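>>> Turn this into a model:
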Amino acid sequence: MSEQINQELATLRQTVAELTQKNATRKARITDLEAQLAASQGAAQTAQASLHTMLVTQPMQTLAAAISPTPELFLSELSRIGYKVTSNDGKLTLTDADDKPVEGAEMTTDGLRKHLLSADAKHKNFVHLMTLSRASGGGALGQSQSNGLPPADRSDKPVRTQRPQFGLR
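Numbers count the residues shown, from 1 in each chain. Prediction:
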């Protein structure tokens with residue numbers, strides 16, 4: 001009977017050693033898979049950030065540069081009041097803080113300008129941040145108009161003023 005117990009103990013020890021080896025192999029495999037997962041997630045995040053840059057950030061920077069002389073300030077003001085720009089099927093969409101599309105805000109220079117110049121109180125700073133007209137005057141009508149008077153009020157004759165008379169005449 002003692003021989004039978006010794007044989008049973010040897011079999012159990014061998015089984016324990018095999019199971020311990022399998023457990024170590026599985027733990028090593030889990031560690032390798034976790035490392036691969038972390039690398040894959042990092043690559044996916046990098047690809048997603050690159051895609052976001054191409055589809056949202058760059059077009060929005062171009063749009064902001066077309067609307068405002070200070071595009072960085074314009075974009076920071078947009079985010080400060082809770083607007084986000086997302087891309088749906090390759091088309092830019094302006095969303096509010098609840099991720100709902102903003103009604104009437106087309107993502108074109110004219111559409112965005114019109115929406116931000118609306119009477120909404122939170123849009124009041126955009127008047128100062130946007131280029132409303134590219135026409136600056138800048139001599140477009142010629143130098144004869146440099147006095148700033150409208151054409152109807154201007155005369156070609158010099159204006160003579162009455163001089164005060166002192167002394168004898």
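
>>> any idea of the pLDDT on the residue nearest to the spatial centre of the chain?
For the chain, the residue nearest the mean C-alpha position is residue 57 (5.0 Å; C-alpha atoms, centre = their mean). Looking at residue 57, its pLDDT stands at 86.

>>> What of residue 157?
64.

>>> likewise residue 142?
Reported pLDDT for residue 142: 45.

>>> what does residue 169 give?
61.

>>> Can you get me a residue count around residue 20?
Residue crowding around residue 20 was assessed by other C-beta atoms under 10 Å; the count is 10. C-betas here are computed from N, CA, C, even on glycine.

>>> Distance-wise, check it relative to residue 6.
Here residue 20 is placed at a distance of 21 Å from residue 6 (C-beta to C-beta, to the nearest Å).

>>> which residues in the protein form strands?
84-88, 91-95 (DSSP state E).

>>> In TSV, list the ones you listed along with mean neighbour count, distance to residue 69 and mean pLDDT.
TSV is the format used below for the strands of the chain (neighbours: other C-beta atoms under 10 Å; distance: least, C-beta to C-beta, whole Å; pLDDT from 0 to 100):
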stretch	mean neighbour count	distance to residue 69	mean pLDDT
strand 84-88	15	20	84
strand 91-95	16	21	84
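
>>> could the ones you listed be laid out in TSV, adding distance to residue 49?
Shown next, in TSV, are the strands of the chain (distance: least, C-beta to C-beta, whole Å):
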stretch	distance to residue 49
strand 84-88	13
strand 91-95	17
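
>>> For residue 163, which of those strands is the nearest?
strand 91-95 (64.0 Å; C-beta to C-beta).

>>> For the closest one, give me every contacting residue.
Defining contact as C-beta atoms under 8 Å, 6 or more residues apart in numbering, one finds that strand 91-95 is touched by 56, 59-60, 63, 83-87, 101-102, 105, 107, 112, 115.

>>> ok, now with 10 Å
Strand 91-95 is contacted by residues 55-56, 59-60, 63, 78, 82-88, 99, 101-108, 111-112, 115-116 when judged by C-beta atoms under 10 Å, 6 or more residues apart in numbering.

>>> before we move on, the earlier item: so which of the strands of the chain comes closest to residue 24?
Closest among the strands of the chain, using C-beta to C-beta: strand 84-88, at 47.6 Å.
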